[in-house]
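> I need the structure of the sequence given here:
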Amino acid sequence: MKFDTAMTISTVSLERTMMVDMKKVTALLQDVVSPSRVTDRDFDLIPYSRDLSPAEQKMPTHVVMPETKEEIQAILRIANDHEYPVYLRGGGTSHWDAYLPQEPGIMLDLGRMNKVLEINERDLVASVQPNCTWAKLDRELRKKGLTYLCSEAGGPAMTVGGSVMKAGGGPHSTAKFGFHGNQDIIALEMVLPNGDIVETGSAAWPSAGKFKRQCLGPDLAGMFIGAEGILGVCTELSLRIRPVTDISERLTATMKTLDDVIEFGHFINRHVGDEYMQGIYLWVDPSAPDVFFLMMDIFGYEQEIVDHRKKKIIEKIKELGGEIGDRAPADDYFGRILTGLADLFNTGVWHFFGAGSLRIDDITFLYKVWREEVIQKRGYTKAGFGGQILPRDWLAFMVTNYREPDDWKELVKMADEIDEITLNGPVVPYGIGGRDGLRRFVAERDTGYYRLLKTLKKTLDPKNILQRGIFIPEEEL
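Numbers count the residues shown, from 1 in each chain. Next up is the predicted model:
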């Protein structure tokens, strides 16, 4: 059963929009945040109608720029009173229709909520607002000899809130620490769809402080991480930080077979919590589908430990018949991931498909789909194959670039076909989004997990105000 019919969505949206007094909504929003931080002019709204995916343009009716949790609370209560949807935009770098308004509604631009609130050097916890970038946080941390030691694939301009709310990750440090939210989040402050404000973890105990994620019963932070904003608006995050290390060892290697890459992946993950390195990136270029290129970033606070890990890694690569290469490409790649990807879109906008998490051994399945279905059967030679090792699994993907809108239809058609194949295999989807994302694949499976998520959504957001149509089709609620 598929729900993503543009005609149905647009008809329902139009009927709803006609029932709302737009001028009244505008006036109410201006009362909350002042007229200078509310706009309903088309000229201002158009930049909010696209993300970095090939998703169709979707226009909000208002853009509001809150600065406090109390303003967000008031905005959500206005939306509930008028049964009018609210969508959340952080840095605006979604690749899967994750924040675009699935029907006309209010867009919350969280760009002004970008402060580093506190750096607790004793407890090694930093608290930030959601639109603080990783670059800004790291800059302040390094003044105190600290760092976060993880990154997004999109580089340091990505926002902390966006990364955590989608459970994102990148090639740097995920081999050791996993996705954002996996083990780094201590506490969240959330505004629920009805306007209630809650804190998670030890922060929920008034006399305690922010030092422990799981206490007072269930891990409520985990309920929000990866939910793409459908269960609440994040207004503050407290996360684990670490001492900085100036010791840097990087390697590149070329492996002969994917089986060798798999064995090397198991070797890196020999013991969870004692991984040999913090970052590893696999790349297979469509022009050379039998060449498996690895870039590696080795972790350690002491030179002796790093030297030991490097020695063991080189020994294993040689044992598997691989060749050690020049470290310069790894220095360049990881350096740009950490300091800025100025050339990120020189070859066009990224589009990921067939992407998701899977067991280390199962990367063979995804590689076979890429080679046989994308390269050979469809003759599409612009998409590469890549992956990042996480603790006991891969985040693997196919990725291409596009420049012209005319490329979208061909690309989306192929991506949908490949997603259908991969998600019927051992791949867990990465990023769900709206009707132009992967939500239909989740809805079609109708698992107990999905039914529980719908129950949570109905309970916390009975009028389906927040991120309406994101993750869960409205017909399902």
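
> mind pulling up the phi and psi values for residue 393?
Note on residue 393: its backbone torsions stand at phi -160, psi 170 [degrees, to the nearest 10].

> how close does it sit to residue 148?
Using Cβ to Cβ, to the nearest Å, residue 393 is found at 22 Å from residue 148. Quick note: C-beta positions are derived from backbone N, CA and C, even for glycine.

> Centre-most residue in this structure?
residue 168 (3.2 Å; Cα atoms, centre = their mean).

> Was I right to think that one contacts residue 182?
No - if you go by Cβ atoms under 8 Å, residue 168 and residue 182 don't touch, sitting 10.6 Å apart.

> related to what we said a few turns ago, how about the secondary structure of the residue nearest to the centre of the chain?
Per DSSP: H, G, I helix; E, B strand; the rest coil, the local secondary structure of residue 168 is coil.

> repeat for residue 108
What three-state DSSP gives for residue 108 is strand.

> Tally up the residues packed near the nearest residue to residue 277 once chain neighbours are set aside, please.
In space, and not counting its chain neighbours, residue 277 is closest to residue 298: 4.7 Å by Cβ to Cβ, 6 or more residues apart in numbering. For residue 298, the neighbour count with other Cβ atoms under 10 Å is 24.

> Residue 298 bridge partners, please.
residue 249 (DSSP bridges).

> In contact with residue 52, which residues?
The contact partners of residue 52, by Cβ atoms under 8 Å, 6 or more residues apart in numbering, come to 92-95, 349-350.

> Looking at the residues you listed, which are in helices?
Taking DSSP state H, every one of the contacts of residue 52 sits outside helices.

> so which pair among these is furthest apart in space?
92 and 350 (14.1 Å; Cβ to Cβ).

> higher neighbour count, the two?
More crowded of residue 92 and residue 350, by other Cβ under 10 Å: residue 350, with 18 against 15.

> Test my guess that the more buried one contacts residue 403.
No - contact criterion Cβ under 8 Å: residue 350 and residue 403 do not qualify, at 11.6 Å.

> Residue 219 contacts residue 204, doesn't it?
No - with contacts defined as Cβ under 8 Å, residue 219 does not count as touching residue 204, sitting 11.7 Å away.

> would you say residue 239 is within a strand?
Yes - assessed with three-state DSSP, residue 239 lies in a strand.

> Give me the number of neighbouring residues for it.
For residue 239, using other Cβ under 10 Å, the count is 24.

> Could you dump the contacts of residue 52 into a markdown table with pLDDT added?
What follows is the contacts of residue 52, written out as a markdown table (pLDDT from 0 to 100):
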| residue | pLDDT |
| --- | --- |
| 92 | 81 |
| 93 | 75 |
| 94 | 74 |
| 95 | 70 |
| 349 | 75 |
| 350 | 78 |
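
> where does the protein have low pLDDT?
Scanning the chain for pLDDT under 70 picks out 1-19, 96, 149-155, 170-176, 271-275, 338-342, 344-345.

> Would you map out the domains in it?
6-111+457-476, 116-243, 249-429 (automatic domain parsing).

> List just the one of those that sits closest to residue 441.
Set against residue 441 and scored by Cβ to Cβ, the domains of the chain come closest in domain 249-429, at 4.9 Å.

> Ends of the closest one, what's the gap?
In domain 249-429, first residue to last residue: 32 Å (Cα to Cα, to the nearest Å).

> All the strands of the stretch 351-477 of the chain, residue numbers only.
Here the stretch 351-477 of the chain has its strands, by DSSP state E, counting those that start in this stretch, at 384-390, 393-402, 428-429.

> Neighbouring strands - and their directions - for the shortest one?
Sheet neighbours of strand 428-429, with direction, are listed as strand 349-358 (antiparallel) (DSSP bridges).

> tell me how far the partner strand is from the chain's mean position?
Centroid separation for strand 349-358 versus its chain: 11 Å, with Cα atoms, centre = their mean, to the nearest Å.

> now stretch 228-242
12 Å.

> got the CA coordinates for it in PDB?
What follows is stretch 228-242, C-alpha atoms only, in PDB (Å, rounded to 0.1, in the frame of the first residue of the first chain):
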ATOM      1  CA  GLU A 228      13.600  13.700  12.700                       C
ATOM      2  CA  GLY A 229      11.600  16.100  14.900                       C
ATOM      3  CA  ILE A 230       8.200  14.400  14.700                       C
ATOM      4  CA  LEU A 231       8.000  14.000  18.500                       C
ATOM      5  CA  GLY A 232       9.400  17.400  19.700                       C
ATOM      6  CA  VAL A 233      11.500  20.400  19.000                       C
ATOM      7  CA  CYS A 234      15.000  20.200  20.500                       C
ATOM      8  CA  THR A 235      16.000  23.500  22.200                       C
ATOM      9  CA  GLU A 236      19.200  22.300  24.100                       C
ATOM     10  CA  LEU A 237      21.600  19.400  23.900                       C
ATOM     11  CA  SER A 238      24.200  18.300  26.400                       C
ATOM     12  CA  LEU A 239      26.900  16.000  25.000                       C
ATOM     13  CA  ARG A 240      30.000  14.200  26.100                       C
ATOM     14  CA  ILE A 241      33.300  15.900  25.200                       C
ATOM     15  CA  ARG A 242      36.900  14.600  25.400                       C
END
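
> Begin at 26, not 1, for the rest of this chat.
OK, 26 is where the count begins now, so the last one is stretch 253-267.

> quick one: contacts for residue 442?
Taking Cβ under 8 Å, 6+ apart, one finds residue 398 in contact with residue 442.

> returning to what we had before: what about residue 244 and residue 229, which has more around it?
residue 229 (17 against 14).

> just checking, the more buried one touches residue 223?
Yes - look at residue 229 against residue 223 with Cβ under 8 Å: they come within range, at 7.3 Å.

> which residues in the stretch 326-475 of the chain form helices?
Assigned by DSSP state H, counting those that start in this stretch, the helices in the stretch 326-475 of the chain fall at 328-344, 353-364, 388-394, 431-447, 464-470, 473-485.

> Fine, thanks again, bye for now.
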